[in-house]
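Asks: Below are the sequence and a predicted model for it; my questions follow.
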Amino acid sequence: MKTTLLFVLFFTTILFVNKMNAQNEIATFSIVAADPSTGECGVAVASRFFAVGSVVPWAEAGVGAVATQSFANTSFGWVGLEYMEKGMTPEEAGKKLIAEDDAPKGRQFGIVSADGQSFTYTGQDCIAWAGGRNGINYAVQGNILAGEDVVIAMEKAFWETKGTLADKLYAALVAGDSKGGDSRGKQSAALLVVKEGGGYGGYNDRAIDVRVDDHPEPFKELGRILNIGQMHYYWNEGWTLFSNGKAKDAIPHMKKAVKYSPEYPELIYDFAVIKLAAGDTKGSLESLKKAVNLNPKLKTQAKLDKDLTALKDNEEYKKLVE
């Protein structure tokens with residue numbers, strides 16, 4: 001009886017440990033990529049795991065990007081970037097991370113440098129299907145996937161998609177999902193793009209940083225948020241140029257932003273400000289009118305905005321803000 005009880009306790013403990021390990025396993029598919037022509041680096045990731053964007057993606061402008069997953073050692077993110085910043089290639093950095101780790105057989109990660117070199121690693125204890133592919137400017141990898149078709153589709157989508165780096169990263173995620181993605185289902189997704197001075201006001205490098213932490217359709221939701229994120233990316237570039245006295249140079253960036261969200265009132269308002277600074281009074285009034293129509297509460301801001309001082313004697317402006 002005592003022997004039987006001990007066996008039951010031992011077996012129950014093993015089941016509990018296995019369950020905990022399964023919960024800690026970040027079953028994930030991801031892509032790290034770079035666009036040397038724009039100076040952008042980024043990561044896109046999806047998983048049946050809560051808030052995967054808080055664990056997997058790491059990137060630094062001018063250096064590269066890392067995705068660390070499976071039984072993730074999150075230090076691979078910042079340490080891998082530090083190694084590349086010191087001059088190591090992604091392969092050199094990756095092999096050093098493996099050599100220094102206490103449990104490399106359970107790790108999976110991908111690394112890309114800002115100049116497009118890449119490396120991907122899958123430890124032999126990662127749960128099948130697990131593996132990766134890499135080439136110039138990208139590395140894709142995943143574990144507990146529906147099959148190898150997931151990473152093959154991701155690679156193909158990255159090659160074939162036109163547009164921004166964010167467009168290519170998102171297309172790769174969607175392609176992976178179309179082939180079954182994480183075999184357990186879907187829950188969260190994230191996309192990060194860095195570029196020197198690409199953050200708010202040019203003060204940091206996080207050009208696009210969007211996440212869906214828990215959603216029944218994380219890919220659709222990420223796509224919706226990414227559209228706004230890309231709009232803000234160009235809006236920020238335009239406003240930063242304007243803030244530095246380069247209003248005319250800001251115009252093309254604002255036009256790109258408006259293509260993403262033509263009915264976003266605050267964006268249209270700022271475009272009015274920039275047009276006025278660039279000498280286009282007529283265009284400024286047209287944009288301001290549209291912004292106020294979309295959001296009447298902007299009238300108060302327009303009355304007090306020093307950036308619109310040049311319009312204070314304009315009759316059309318006076319009627320608009322009264």
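Replies: Ah, there it is.
Asks: Tell me how many other residues crowd Pro262.
Replies: Look at Pro262: counted by other C-beta atoms under 10 Å, it has 11 neighbours. All C-beta atoms are positioned from the backbone trio N, CA, C, and that covers glycine.
Asks: Oh, that last question was meant for Ala277, not what I typed.
Replies: 19.
Asks: hang on, it packs against Phe242?
Replies: Yes - taking contacts as C-beta atoms under 8 Å, Ala277 lies within contact range of Phe242: 6.2 Å.
Asks: Show me how this protein divides into domains.
Replies: Under automatic domain parsing, the residue ranges defining each domain of the chain are 23-214, 245-321.
Asks: can you redo these as CSV with distance to Glu237 and mean pLDDT?
Replies: CSV is the format used below for the domains of the chain (distance: least, C-beta to C-beta, whole Å; pLDDT from 0 to 100):
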stretch, distance to Glu237, mean pLDDT
domain 23-214, 7, 95
domain 245-321, 4, 96
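Asks: what packs against the helix or strand harbouring Phe242?
Replies: Using DSSP states H and E, Phe242 falls within helix 218-243. Helices and strands touching helix 218-243, by 3 or more C-beta pairs under 8 Å, 6 or more residues apart in numbering; DSSP states H and E, are strand 40-47, helix 165-178, strand 188-194, strand 206-212, helix 247-260, helix 265-277.
Asks: Quick check: closest non-adjacent residue to Val52.
Replies: Nearest residue to Val52 in three dimensions, chain neighbours excluded: Ser188, at 4.5 Å (C-beta to C-beta, 6 or more residues apart in numbering).
Asks: contacting residues around that neighbour?
Replies: By C-beta atoms under 8 Å, 6 or more residues apart in numbering, the residues touching Ser188 are 46-47, 49-53, 211-215, 218.
Asks: redo that, cut-off 6 Å
Replies: 47, 51-52, 212-213, 218 (C-beta atoms under 6 Å, 6 or more residues apart in numbering).
Asks: are any of the residues you listed buried, and which?
Replies: 47, 52, 212, 218 (16 or more other C-beta atoms under 10 Å).
Asks: Take these and write them to a markdown table, including distance to Asp125.
Replies: A markdown table is the format used below for these (distance: C-beta to C-beta, whole Å):
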| residue | distance to Asp125 |
| --- | --- |
| Ser47 | 18 |
| Val52 | 20 |
| Val212 | 29 |
| Pro218 | 27 |
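Asks: and the two most separated of those?
Replies: Ser47 and Val212 (10.8 Å; C-beta to C-beta).
Asks: Would it be right to say that Gln108 lies in a helix?
Replies: No - membership of Gln108 in a helix is not supported by DSSP: H, G, I helix; E, B strand; the rest coil, which gives strand.
Asks: That one against Ser70, yeah?
Replies: Yes - counting by C-beta atoms under 6 Å, Ser70 is a contact partner of Gln108 at 3.8 Å.
Asks: The two: who's more crowded?
Replies: Gln108 (30 against 27).
Asks: does Gly279 count as helix, strand or coil?
Replies: coil.
Asks: who's in contact with it?
Replies: Gly279 makes contact with no residue, according to C-beta under 6 Å, 6+ apart.
Asks: what's the distance between it and Pro262?
Replies: 23 Å (C-beta to C-beta, to the nearest Å).
Asks: Surely Gly131 is in contact with Tyr121?
Replies: No - using C-beta under 6 Å, Gly131 is not in contact with Tyr121, being 10.1 Å away.
Asks: if you count what's nearby, which of these two comes out ahead?
Replies: Neighbours were counted for Gly131 and for Tyr121 using other C-beta under 10 Å; Tyr121 has more, 23 against 19.
Asks: Could you dump the helices and strands packed on helix 218-243 into a markdown table with distance to Met84 added?
Replies: Below are the helices and strands packed on helix 218-243 laid out as a markdown table (distance: least, C-beta to C-beta, whole Å):
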| stretch | distance to Met84 |
| --- | --- |
| strand 40-47 | 10 |
| helix 165-178 | 18 |
| strand 188-194 | 13 |
| strand 206-212 | 18 |
| helix 247-260 | 29 |
| helix 265-277 | 35 |
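Asks: Could you look over the ones you listed and pick the most buried one?
Replies: Mean neighbour count (mean count of other C-beta atoms under 10 Å) peaks for strand 40-47 among these, with a mean of 30.
Asks: That strand vs strand 206-212, what angle?
Replies: On the basis of axes from the mean of the first three to the mean of the last three C-alpha atoms, to 10 degrees, strand 40-47 is oriented at 10 degrees to strand 206-212.
Asks: so what strands line up beside strand 40-47?
Replies: Strand 40-47 has the following sheet partners, assigned by DSSP bridges: strand 28-35 (antiparallel), strand 188-194 (antiparallel).
Asks: how about Val56, phi and psi?
Replies: When quoted as degrees, to the nearest 10, the phi and psi of Val56 stand at phi -80, psi -50.
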